[in-house]
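Trainee: coordinates only, no sequence provided:
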């Protein structure tokens, strides 16, 4: 799929990232269950899913930090296990928890990072200046990192990932925990990078808006499996309808379902998927605004007490709902509960 | 490697850095970290100095009269120096990197993994050198003198202490790598007590109870202590040789443990 990326036209793209049937188990826990994906050069690929869905595990495999239990991954044609040193030169990585040395200044951290990437002579200070400017930290680069705010730490981490001009950039939840201003700044920088260097970006996120805003293509992951993949527009079009959400009191859920199904059966409402949610029901129907009125009248007629009713164009959360039968927030809660039930893993980061 | 890959690769600025460059960069970072926590440096010196003062104050005269030790301060100085050398925090620095994610950050660069450990060890050597020099100068100020040439004696003690110090640092680094646990890494300090006090730390071996002397003789650090003292009480070739061999064996053992723990940590999945 050709993508126009500012100055860099990528009509003839090659594969930047490929995963074939990746599986990763942690003892009895199956974190990744057969993930295959392909990201083209110059793409921003959004990996969307709730906490615990397997996003970070896949990033750790593709960035050579973790061995897959089975399956294979490659970056720009280099196997992430057999050719990991080559892969490490080609990629830049900002992991979910910005691992930084708080005792160093931003400049020292970046300079060390640059040396490890083999940057020498005038190139190194020039790159440090360029990336700190890019992330808006030029004024703070000589301060110790322990004095940085959370947003600044994320940005210096991003800067260190960009220092050697990686061809593929992995960003694992780069804006989680950031305030809206910092989030917008990170988004701008990601777009700018792609525009300036045609960098391929593999971005994991739990924010629907982020995937929608930034990604050329999105994969939705749940329970270690990709459940949908495509452009945000195409995925939303797959839902094929507007989304009507009806909040229903817990005691009324059964009656509400019966009433909605009866309205559909009577032909007043066109056929459409009905999904139970945490707060009530979601109905996927064409021509939402008009059918909203029909639904309200029908529920009223049936004597069902209901709360807030809204109609919207489908979002990626609706795609998630349609694919998995649950909202992302609920899936995240479920994952957190499952995590609590698990036997604790050994301390530290495990295999590298 | 695919053809598409080759055509576009020069766009990245990354290039092979070399092991020496990697080790130098990591060592410099370790030393910077040590210098930025002077309170740890001071803390590492306070306890050995306290023990030194207490021991010399309490037993100095008795040792001279009963055990024939001409200068109990000189007798105790190597213990204080070795004590301080065992206060290095290499494992602590490393385990912090592991728990806060910085180890991962460094691990996704093309750095040779061994450089991360070797650089940390070199940083610890710098700390050991710093502690030792301060304590030797302290000893000199209160009148402790080396046998023969002062410089040679001081360098001899420094050399042995460095060997012991990095051997000891390697233990905490091994625990840090193997467990990734701050608590476990900090606990390695416990092994310091049998290692350093199951030695002729207070009196010579020939004055000890037979059973205790037997136990002390099995501890390699005993020979490091005796070799260190020989720089102060009269250069004794065989004692120094035994001390160097014992310290080298100690290092060989702890480095092997570190290498095994390192392999465990970098082994992929």
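Mentor: Received the coordinates, thanks. If you're wondering where the values come from, they're calculated on a predicted model, not measured in any experiment.
Trainee: hey, let's count contacts and neighbours off CA atoms from now on
Mentor: Noted.
Trainee: would you mind listing what in the stretch 101-250 of chain B touches chain A?
Mentor: Counting by CA under 8 Å from any CA of the partner chain, the stretch 101-250 of chain B comes close to chain A at B:101-111, B:179-181.
Trainee: same thing but at 7 Å, please
Mentor: B:101-102, B:105, B:108-111, B:179-181 (CA under 7 Å from any CA of the partner chain).
Trainee: residue nearest the centroid of the chain?
Mentor: In the absence of a named chain, chain A is used. residue A:205 (2.5 Å; CA atoms, centre = their mean).
Trainee: oops, chain B please
Mentor: residue B:165 (1.5 Å).
Trainee: what about that one, which helix or strand?
Mentor: Using DSSP states H and E, residue B:165 sits in helix B:150-179.
Trainee: now that helix: buried residues?
Mentor: B:153-154, B:156-179 (16 or more other CA atoms under 10 Å in any protein chain shown).
Trainee: tally of neighbours for residue A:186?
Mentor: Close neighbours of residue A:186, defined as other CA atoms under 10 Å in any protein chain shown, add up to 22.
Trainee: one more: residue B:183?
Mentor: Residue B:183, neighbours per other CA under 10 Å, totals 12.
Trainee: residue B:210 versus that one, what's the distance?
Mentor: 37 Å (CA to CA, to the nearest Å).
Trainee: got any ranges where chain A has weak pLDDT?
Mentor: Counting by pLDDT under 70, chain A contains low-confidence ranges at A:1-13, A:240, A:327-352.
Trainee: helices of the chain, residue ranges please.
Mentor: No chain was given, so I picked chain A. A:55-62, A:84-90, A:106-116, A:123-134, A:150-162, A:180-197, A:208-214, A:232-239, A:253-265, A:288-301, A:316-324, A:328-341 (DSSP state H).
Trainee: actually chain B
Mentor: Counting by DSSP H, chain B has helices at residues B:3-8, B:19-35, B:38-62, B:72-85, B:90-100, B:102-107, B:113-141, B:150-179, B:182-187, B:192-197, B:210-218, B:220-233, B:237-266.
Trainee: got the angle for the last one vs helix B:150-179?
Mentor: Right, helix B:237-266. 30 degrees (axes from the mean of the first three to the mean of the last three CA atoms, to 10 degrees).
Trainee: with the second one instead?
Mentor: Between the axes of helix B:19-35 and helix B:150-179, defined by the same axes, to 10 degrees, the angle is 100 degrees.
Trainee: check which residues of helix B:19-35 are buried.
Mentor: B:21-31, B:33-34.
Trainee: in CSV: these, plus pLDDT and distance to chain A.
Mentor: Listed next are those as CSV, based on pLDDT from 0 to 100; distance: CA to the nearest CA, whole Å:
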residue, pLDDT, distance to chain A
B:21, 94, 7
B:22, 94, 6
B:23, 95, 9
B:24, 95, 10
B:25, 95, 6
B:26, 95, 8
B:27, 95, 10
B:28, 95, 9
B:29, 94, 8
B:30, 92, 10
B:31, 93, 11
B:33, 90, 6
B:34, 88, 9
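Trainee: residue ranges in the stretch 151-269 of chain B under the pLDDT threshold?
Mentor: Looking along the stretch 151-269 of chain B with the criterion set at pLDDT under 70, you get B:268-269.
Trainee: switch to 80 and redo it
Mentor: Residue ranges of the stretch 151-269 of chain B with pLDDT under 80: B:267-269.
Trainee: nearest to residue B:44, of the residues of the stretch 101-250 of chain B next to chain A?
Mentor: Of all those, residue B:44 sits closest to residue B:181, with 21.6 Å by CA to CA.
Trainee: can you tell me which residues contact residue B:81?
Mentor: Residues near residue B:81 by CA atoms under 7 Å, 6 or more residues apart in numbering or on different chains: B:132, B:135.
Trainee: can you do 10 Å?
Mentor: B:45, B:48-49, B:52, B:128-129, B:131-136, B:139, B:157-158, B:161, B:165, B:228 (CA atoms under 10 Å, 6 or more residues apart in numbering or on different chains).
Trainee: just the buried members of the residues you listed?
Mentor: The buried subset of those - by 16+ other CA under 10 Å - is B:45, B:48-49, B:52, B:128-129, B:131-133, B:135-136, B:139, B:157-158, B:161, B:165, B:228.
Trainee: circling back to that earlier point, isn't the residue nearest to the centre of chain A right up against residue A:183?
Mentor: No - Residue A:205 lies out of contact with residue A:183 (CA atoms under 10 Å); the separation is 11.9 Å.
Trainee: between the two, which contacts overlap?
Mentor: With CA under 10 Å, 6+ apart, residue A:205 and residue A:183 have common neighbours A:174-176.
Trainee: let's have those in JSON lines, adding neighbour count.
Mentor: Shown next, in JSON lines, are the shared contacts of residue A:205 and residue A:183 (neighbours: other CA atoms under 10 Å in any protein chain shown):
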{"residue": "A:174", "neighbour count": "24"}
{"residue": "A:175", "neighbour count": "24"}
{"residue": "A:176", "neighbour count": "15"}
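Trainee: of those residues, which is the nearest to chain B?
Mentor: residue A:174 (14.2 Å; CA to the nearest CA).
Trainee: for the closest residue to the closest one other than its chain neighbours, phi and psi?
Mentor: Excluding the flanking residues, the one nearest residue A:174 by CA to CA, 6 or more residues apart in numbering or on different chains is residue A:96, at 6.5 Å. With angles defined as degrees, to the nearest 10, residue A:96 sits at phi -60, psi -50.
Trainee: could you give the number of residues near residue A:96?
Mentor: 18.
Trainee: from residue B:191, how far off is it?
Mentor: From residue A:96 to residue B:191 the distance is 36 Å (CA to CA).
Trainee: so the closest residue to residue A:60 other than its chain neighbours versus residue B:180, what's the distance?
Mentor: Nearest in space to residue A:60, with sequence neighbours left out and distances taken as CA to CA, 6+ apart, is residue A:66 at 5.4 Å. Going from residue A:66 to residue B:180 by CA to CA gives 16 Å.
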